[in-house]
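Engineer: Okay, here's the prediction I keep looking at, along with the sequence it came from:
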Amino acid sequence: MRWATFDCFGTLVDWRHGIRTSADLIAPGQGARLLEAYSRHEHAVQAESPALRYRHVLAEALRRACADEKIKLNDDDASVLGTTLPYWPVFPEVAAELSALRAAGWHLALLTNCDRDLIAETRRRLPVPFDAVVTSEDVGAYKPSDAHFEAFRCSYEPTTWVHVAQSYFHDMVPAHRLDIPRVWINRQGERPEDEKIIQQVLPDLGGLLATVENA
C-alpha cells in the first residue's frame, strides 16, 4: 500500500487566513499583527503542555499574542480560534491534487496537531476522504515530536510512504530525522535552516502527484 500523509493546517487549510480573519473579529484591523504574534507563541505553549487540548493551545497562544501587542482580550473571546477553525478555507488546488493521488492508488492520511473533534469538523470541508487520521490528542504530543509518525507507522505499516507538509519545523525536521521521504509545500517562500533536510519542494500542491511518485 502506498501512503501519502499530510499535515492539515497550513498545508491543506489556510491556517494564516483563518487566524488573521478570526483575530479581526475580536480586534478589528489587528488581525495581521496578531497572526505574527500568535505564530511566535504557539509552539512554546505546546512544548510546555504536550497533553493540552489544541483548542486550549489556540486560546493561550492568542492571550499571549494580545498581551504582546497590548490588545485587550475579553475572557470569552479567547476561544475565537477554536470556534472558527472548522470554517477556515481549504486552499483552492487541494481538491484536484488529492483527487489525482487517490485516482492513482495512493492512500491518504492526516498527521495533525489538532484534537479529534476539531479535525472531524474540518474533514467535512476537505474535498476528498482520508483513510487515516493521527491527532495530537491520540498521541499526547505535538509535532515536531516523532509521536505522530511513529503511531502511523505502527498502525499502518506502510510499504511506500511520503509525507507532505508546509511546516519545515513541525514536519520536515521530524520526517528527516525518521528518514521518511518528504515534500515541502513552501507556501511562504521560506529559506530552510538546513538545505539537506529538503528532498522535494513545491510552492503549493500543484503537480503533487508527479512529485510524490518521484520522492
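Structural biologist: Everything's here; your move.
Engineer: Give me the distance from stretch 6-18 to the chain's centre.
Structural biologist: 5 Å (CA atoms, centre = their mean, to the nearest Å).
Engineer: meant to ask about stretch 53-71
Structural biologist: With CA atoms, centre = their mean, you get 18 Å for stretch 53-71.
Engineer: And for stretch 3-10?
Structural biologist: Worked out by CA atoms, centre = their mean, stretch 3-10 lies 7 Å from the chain centre.
Engineer: ok, now stretch 32-42?
Structural biologist: A distance of 16 Å separates the centroid of the chain from that of stretch 32-42, by CA atoms, centre = their mean.
Engineer: Give the burial count for Leu35, as a bare number.
Structural biologist: If you count neighbours by other CB atoms under 10 Å, Leu35 ends up with 20. From N, CA and C alone the C-beta is placed, and that goes for glycine too.
Engineer: Just to check, it is in contact with Trp15?
Structural biologist: No: Leu35 is not in contact with Trp15 according to CB atoms under 8 Å; the separation is 9.3 Å.
Engineer: got the buried residues for whichever strand or helix holds Ser99?
Structural biologist: In the assignment (DSSP states H and E), Ser99 maps to helix 94-103. Within helix 94-103, the residues that count as buried by 16 or more other CB atoms under 10 Å are 94, 97-98, 100-102.
Engineer: same question, stretch 102-111
Structural biologist: The neighbour-count check on stretch 102-111 (16+ other CB under 10 Å) flags 102, 106-111 as buried.
Engineer: Could you tell me the end-to-end distance of it?
Structural biologist: The first and final residues of stretch 102-111 sit 17 Å from each other (CA to CA, to the nearest Å).
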